[in-house]
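In: below is the sequence, then the predicted model.
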Amino acid sequence: MPERLSLKPGVTLYFARHGETEANCRYLFSGRKNTPLTARGREQAKAIGLALENELGPAPGIGFVASPLERARITMEIARETLELPREGYTTDARIEEINLGEWDQLTADEARARDPVLFVARAADKWNVHVPGGENYAEVAARAEDWVKSLGRDTFAVSHGAYTRILRGLFLGLSTTEMSALDEPQGVVFRVQCSDVAQLPGVGDALSNPKPIG
């Protein structure tokens with residue numbers, strides 16, 4: 001079981017998953033390959049910005065960082081525009097990229113299972129230790145997440161991905177690896193972390209979605 005993760009004293013982290021994508025609608029494993037935001041995903045990005053504005057006011061003077069993947073960057077840019085900030089003006093960090101899903105990226109669960117039924121079942125039972133072919137396991141993503149969190153020295157808003165933010169929440173909450181793997185992956189919402197305490201900010205509108213997690 002991983003140790004409970006904590007922010008530096010006085011630092012607040014806000015983070016969100018990118019908006020809905022075409023791959024999410026098709027229930028595909030979605031890792032490093034690009035998949036465009038849907039119209040609903042763009043509305044969710046606006047809802048993320050509005051939730052932050054309700055919490056912090058317009059144009060907050062905090063750090064902004066996104067995964068380098070396009071779906072996270074577009075979500076960040078829409079959220080920043082909603083916050084009355086330039087679409088640019090944020091950084092990217094590969095440490096908050098989505099889990100590398102290797103040979104399974106953009107496959108359905110049935111397609112991945114057909115390639116190696118034994119491995120598929122083994123990974124479903126132990127995502128922490130079992131690798132996707134050519135990809136990462138949860139332990140490797142957690143190591144990236146811990147390194148990133150320890151580097152934060154100011155209040156920050158980050159846009160990342162489903163499996164990554166699930167792992168991040170699990171680390172802050174001190175969950176077992178099984179509990180972590182069972183967490184949801186909501187879109188259109190913002191989580192706030194202070195020390196190790198995780199809270200979801202009040203939602204805005206009806207943009208929330210929670211597609212079935214398969215990563």
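Out: Noted; the coordinates are in hand.
In: residues touching the most centrally placed residue in the chain, list them.
Out: Residue closest to the average C-alpha location in the chain (C-alpha atoms, centre = their mean): residue 161, at 2.7 Å. Contacts of residue 161 were listed using C-beta atoms under 8 Å, 6 or more residues apart in numbering, and they are 17-18, 30, 67, 69, 71-72, 96-99. The C-beta positions use only the backbone N, C-alpha and C, and glycine is treated the same way.
In: which of those are buried, as a PyMOL select command?
Out: Listed next is the PyMOL selection for buried residues among those, using 16 or more other C-beta atoms under 10 Å:
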select buried, resi 17+18+30+67+69+71+72+96+97+98+99
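In: between the contacts of residue 161, which is nearest residue 176?
Out: Using C-beta to C-beta, residue 99 is the member of the contacts of residue 161 that lies nearest residue 176, at 18.4 Å.
In: can you classify that closest one by secondary structure?
Out: When classified by DSSP: H, G, I helix; E, B strand; the rest coil, residue 99 comes out as coil.
In: over to residue 158?
Out: Under three-state DSSP, residue 158 falls in the strand class.
In: so what's it closest to, chain neighbours aside?
Out: Nearest non-adjacent residue to residue 158, counting by C-beta to C-beta, 6 or more residues apart in numbering: residue 15, 4.4 Å away.
In: for burial, what's the neighbour tally of that neighbour?
Out: By other C-beta atoms under 10 Å, 21 other residues sit near residue 15.
In: check contacts around it.
Out: Applying C-beta under 8 Å, 6+ apart, we find residue 15 in contact with 157-160, 165, 168, 190-191, 193.
In: top of these by neighbour count?
Out: Within those, residue 159 tops the neighbour count with 32 neighbours, counted by other C-beta under 10 Å.
In: that residue against residue 72, yeah?
Out: Yes. In this structure, residue 159 is within contact of residue 72 by C-beta atoms under 8 Å, at 4.6 Å.
In: which neighbours do the two share?
Out: 18, 66.
In: hmm, back to that, need the phi and psi values for the residue nearest to residue 158.
Out: Backbone geometry at residue 15, expressed as degrees, to the nearest 10, gives phi -150, psi 160.
In: got the confidence number for it?
Out: Listed pLDDT for residue 15 reads 98.
In: before we move on, back to that, and the furthest pair within the contacts of residue 15?
Out: Within the contacts of residue 15, 159 and 193 form the most distant pair, 14.6 Å apart (C-beta to C-beta).
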